[in-house]
Every structure is written in C-alpha cells, then in structure tokens.
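> Model the structure of this input:
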Amino acid sequence: MSNYKITVIVSTYNTGDYLNEFLDSIKSQSIGFENVEVIFADDNSTDEYTLKLLKDLDDAYDNVKVVFSDKNSGFPGTGRNIGLNMANADYVIFADHDDTYAHDAFEVMCSKIIGNDMLISNFNQVYSDKTIPFKSIYGDAGEIRVSSISEDENLLRVPAAIWTRLFRKDFLINNNISFLEGMLAEDVYVATYSCLKADGIVYLNNFYSYNYKIRDSEHDKSTIHVRNRKYIEAILNGYYKIDGMLVELNHTSYGELIFRSHLTSWLYTIVLSKLSDSDKKELFIKSRNIFTKYYSEDPYFKKRYNKLVELILNQEFDEAVLESNRLGKIQKNMNDRSLFSRIKNKLGR
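Numbering: from 1, shown residues only. Presented below is the predicted three-dimensional model:
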C-alpha cells in the first residue's frame, strides 16, 4: 500500500528550462514533499539538458520517477496515460511542466475531495508583466458541491484546465477514463467525461491552486498557442472524439453547453493563424458536422463570428475563407493597437 497522498503526473518534451521551478513548487508543498509522488513521462526529448535533468531527478529522489518513451507521440495524452497507470497514490493530478502550484495546493485539495470523485480548483493567469486571477462564471461564489452533474450543469462550462482537477485514481481506472492520444482537446475529453460520470464533484471557485503561465511570444509558445495545421486539426479531431463520447453516454443534450466556448475559440485560432487558404477551407469542410450539431453563440466574442459560422453551416467554404481572412486583419489591428497602448502606458506617455 502506498504512503503517498497524491501523484502528480507531468508530460515532458524538451522542457528542461522549466522543470526546476516546477519541481521546487512541489517540494515546497505544505502537505510535505514526502507525501507526493511525481511521475515525469518524457515524450522522447531530443534536448540533452532535459534528458540529463530528468535522469538526475530520477536518481536524486525516491518519490520522483521518470519514464522515457522510445518514440515521440507529439501530444501530451500518451504521457499522461502512462503516468496514470504507474501512479501509486489514491489521488492523481496532471500538471504542465512550465507552471507551478501554490504552496498549500495539495493540502487543501486532498482535504476537500474526501468522499468525492473529482475536485476542481481555480488558477492564476501569469503573464510576463502581471498575474490575473481567472474569474469563472460563478463570480465570487466560494465552494460548490454536487453529487452529480445534473445538479449543476454549469460545471461543464468551467475551463477544462486539467492541472486544477484532482481525481480519485480508482474512479478514472474503473470508468476507463483516459486521455486521447495522437490529438489535442485531450484535457477537455477527460474533464467532460469525468464530470458526466463522477459521484461527487467539488469546485473550489475561490481557491487558486495553480499558476498558469501564458506563453505566446514568437520564440516561446505553449501548445495551445501553436497555430499550425497540425495542431489546429488535432484540436478538431479531439472535438469529434468528445462528440463520440457524448453519443456513447447518451449525453448529447449537454453538447451545446460543453462546446459553447470551444468552437468559437477554435475559429479564433484559425483567424489568428497563417494557414493557407486551402488549409482553412479543408478545415472548415471537416468542421461542419460538429458546428451543425453543437454550435451556439459565445457571448464573449460579441457575435463577431456568427457570419463565419453561417457560411460554414451553409457549405459556402470559399466565402468562409474570405471572411476568416477579413476577421484576421481586424484582429491583427486590434492586437497592434493593444500592444501600442501597453507600450505607451509603460513608457508613461
């Protein structure tokens, strides 16, 4: 029987620059580092510094384990599944390599989840020049507890943010809940599946357990900000897997609620991308069925994408490409003005 109270599972790939800071936040946990198991699942890194650091960590700590894959999957789902199958603690959480946890994150979460299958906490958005606490749809509400998702369907609208979700390991294993492999939206899949199956969900809306770094510069991008064909299509593939899961569980009635922000955000990613017109058209064609089935207007975007969606739904794909290009120019001008304003304010002019 394991003495660990929580297993932290981290997928890595050429991420050595961030690992020490991440592990420092784990070592300083108020629950006691000796009560935490850390599993790094490396996706066949090619960076020697990353490989050496992981080997050194594996040698230095009894409660740190590293598993090296012999081939690169290209996505985090594979490593997370490997880590889940290796975990020894009763509770598991899945972290990103470049972020950090609050010092009391695990103590609070482990104490609050008792008697429930899943716990969700909140997070800080960390930019290069500021930190902004994420504000959920629940506003200033504190602790929300339900025995099943039917008691509060809005929990499906809480960001998937897998790194803020603590799971009872046996709950995931017994329900065959695992991450999608070879594609993205793997976190949305697990977050959604778990909400639909969980016997007891706790949401600590006012507890900020995680510091999520926003990396979207030219030379340093988080996966979510990579806007090439491979990643944008990988997200869409994940959405179709989520649709299949909803069909299998007979829960398609939740689809519009689940996809409300995701489908428009996916269009936003295309609009900001530098994809060719032909790539955009192919992706719009491929996306039509999921939009037909689940699209509903996301108030955050203030109807900006309604025309683009209408063109996709009507199979006017060439026009949809032109509309996405038009929106891209508008968004670029908005971003440029925002950047100029930030620089102006910083310089005090």
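> right, and residue 20 touches residue 54 too?
No. Counting by CB atoms under 8 Å, residue 20 does not reach residue 54; the two are 11.3 Å apart. The C-beta positions use only the backbone N, C-alpha and C, and glycine is treated the same way.
> Of those two, which one has the most company?
More crowded of residue 20 and residue 54, by other CB atoms under 10 Å: residue 54, with 21 against 10.
> Determine the next helix or strand in the C-terminal direction from the lowest-mean-pLDDT helix or strand in the chain.
In the chain, the helix or strand scored least confidently by mean pLDDT, DSSP states H and E is strand 220-221, which has a mean of 46. Toward the C-terminus, strand 220-221 is succeeded by helix 229-249 as the next helix or strand (DSSP states H and E).
> now for that next one, which elements pack on it?
helix 186-197, helix 255-272, helix 277-294 (3 or more CB pairs under 8 Å, 6 or more residues apart in numbering; DSSP states H and E).
> Need the contact partners of the last one.
Residues from elsewhere that reach helix 277-294, judged by CB atoms under 8 Å, 6 or more residues apart in numbering: 229, 232-233, 236, 239-240, 243, 252, 255-256, 258-259, 263, 266, 270, 275, 309, 312-313, 315, 317-318, 320-321, 324-325.
> how does it look with 7 Å?
Residues outside helix 277-294 that contact it (CB atoms under 7 Å, 6 or more residues apart in numbering): 229, 232-233, 236, 239-240, 243, 255-256, 259, 263, 270, 309, 312-313, 315, 317-318, 320-321, 324.
> Buried subset of those residues, written for PyMOL?
Filtering the contacts of helix 277-294 down to the buried ones (16 or more other CB atoms under 10 Å) takes a single PyMOL command:
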select buried, resi 232+233+236+239+243+255+259+263+270+309+312+317+320+321+324
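> The longest strand seen in the chain: partners in the sheet, and parallel or antiparallel?
In the chain, with assignment by DSSP state E, the single longest strand is strand 201-213. According to DSSP bridges, strand 201-213 forms sheet pairs with strand 100-101 (antiparallel), strand 118-126 (parallel), strand 143-146 (antiparallel).
> Below-threshold pLDDT in the stretch 101-250 of the chain: ranges please.
Residues of the stretch 101-250 of the chain that meet the criterion pLDDT under 70 lie in 215-225.
> and if we set it to 90?
Low-confidence segments of the stretch 101-250 of the chain (pLDDT under 90): 128, 140-141, 214-227.
> If we go by neighbour counts, what in stretch 282-298 is buried?
Residues of stretch 282-298 classed as buried by neighbour count (16+ other CB under 10 Å): 283-284, 287-288, 290-291, 294-295, 298.
> What of stretch 63-78?
63-66, 69, 73-78.
> Relative to the whole chain's centre, how far out is it?
From the chain centre to the centre of stretch 63-78 is a distance of 18 Å (CA atoms, centre = their mean, to the nearest Å).
> can you list contacts of that stretch?
Outside of stretch 63-78, the residues within contact range by CB under 7 Å, 6+ apart are 4, 11, 34, 36-44, 54-55, 57-58, 82, 86, 179-184, 186, 234.
> Check stretch 201-218 too.
98-102, 105, 108-109, 112-113, 116, 118-127, 133, 136, 138, 141-146, 149, 155, 158, 163-164, 195, 221-222, 225.
> Of the contacts of stretch 63-78, keep whichever come out buried.
Buried among these (16+ other CB under 10 Å): 4, 11, 36-43, 54, 57-58, 82, 179-180, 183-184, 186, 234.
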